[in-house]
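J.: fold the following.
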Amino acid sequence: MTVNLIMSRTAMVNKTLPTAMWANKMSTVTLAKKMDYSQPLISKLRTGKAKLQFEQIEPLLEALPKQSGYLLIDILHQVSGGLIPSTVDSKYIFLNASSMDNRVIEEAQQAIKAITDSLDEFGSPVSVVKDLHDPEEAFNQMFDLIKYGLMLEIVIGDYLGWDTADIQARCLQREAYLKRHKYQIV
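T.: Have a look, this model is predicted:
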C-alpha cells in the first residue's frame, strides 16, 4: 500500500531568517561559516532567491539558537504543506505576551463556541448530516486557536529568556507528562 504524503522538502525563509540572524547577531558570512555553507547561498536564502533544503534545516536552527522559533514555525508550515499554521505577521499584531495573550483567549472562546455548536453534528455520521457549517466552523476556529496559541508559546518562551532548544525541551517534557497521565485532563 502506497501512501502519498503531502509535504515539501524545501522552504522559503526570507521572511523569518533575517530576524533570526539579527537576534543572534549573526552576519551572512558568519552564518555561512558556522553552517559550513557558502556565503552566496546564505544571501540567497535571506533574499528569497533560494529555498532552504530539508537537510539544511537542522544546521540552520542549531546555528541560530535565539529567537528562531518563528523561523522554525515558518519552515514547518511550508514543509507540512500548511498543516502547521504559519507565523503571525507582526505587521498586524505585536508579538509580545501582553498582546498575544488576549488574542489567544479570544480565539479559545471562539473555538469553544464553534465546538459546542457542532456537538449535535459530531454525534451523527457525516453521511446523515445535512448542514456541515458548524463542523467546518469548528475546524476553522481550531486552526486559528492553534495558529495563535503556537505563536504565544514561542512569545512566552522568548519572554522567559528561553532559546528555541529550551522551548522544544519544554514541549517534549510536557508531552511526556501528558503521556504519563494517559492524556487525561491534568
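J.: so how far is Asp117 from His133?
T.: 9 Å (CB to CB, to the nearest Å). Quick note: C-beta positions are derived from backbone N, CA and C, even for glycine.
J.: now do Leu172
T.: Leu172 sits 34 Å away from Asp117, going by CB to CB.
J.: higher neighbour count, the two?
T.: Asp117 (15 against 10; other CB atoms under 10 Å).
J.: contacting residues around the more buried one?
T.: For Asp117, the contacting residues are Asp134, Glu137, Ala138, by CB atoms under 8 Å, 6 or more residues apart in numbering.
J.: would a markdown table of these with neighbour count, distance to Pro40 and pLDDT be doable?
T.: Shown next, in a markdown table, are those (neighbours: other CB atoms under 10 Å; distance: CB to CB, whole Å; pLDDT from 0 to 100):
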| residue | neighbour count | distance to Pro40 | pLDDT |
| --- | --- | --- | --- |
| Asp134 | 18 | 52 | 97 |
| Glu137 | 17 | 47 | 98 |
| Ala138 | 22 | 47 | 98 |
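J.: can you lay out these as a markdown table showing distance to Val29 and secondary structure?
T.: Shown next, in a markdown table, are those (distance: CB to CB, whole Å; DSSP: H, G, I helix; E, B strand; the rest coil):
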| residue | distance to Val29 | secondary structure |
| --- | --- | --- |
| Asp134 | 54 | helix |
| Glu137 | 50 | helix |
| Ala138 | 49 | helix |
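J.: dump those residues into CSV; add distance to Ile112 as well.
T.: CSV is the format used below for the contacts of Asp117 (distance: CB to CB, whole Å):
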residue, distance to Ile112
Asp134, 13
Glu137, 12
Ala138, 10
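J.: Val88 contacts Lys147, doesn't it?
T.: Yes: with contact defined as CB atoms under 8 Å, Val88 reaches Lys147; the gap is 6.9 Å.
J.: give me the neighbour count for the nearest residue to Trp162 once chain neighbours are set aside.
T.: Counting by CB to CB, 6 or more residues apart in numbering, Trp162 lies nearest to Arg170, which is 7.2 Å off, once chain neighbours are set aside. Neighbour count for Arg170, taken as other CB under 10 Å: 15.
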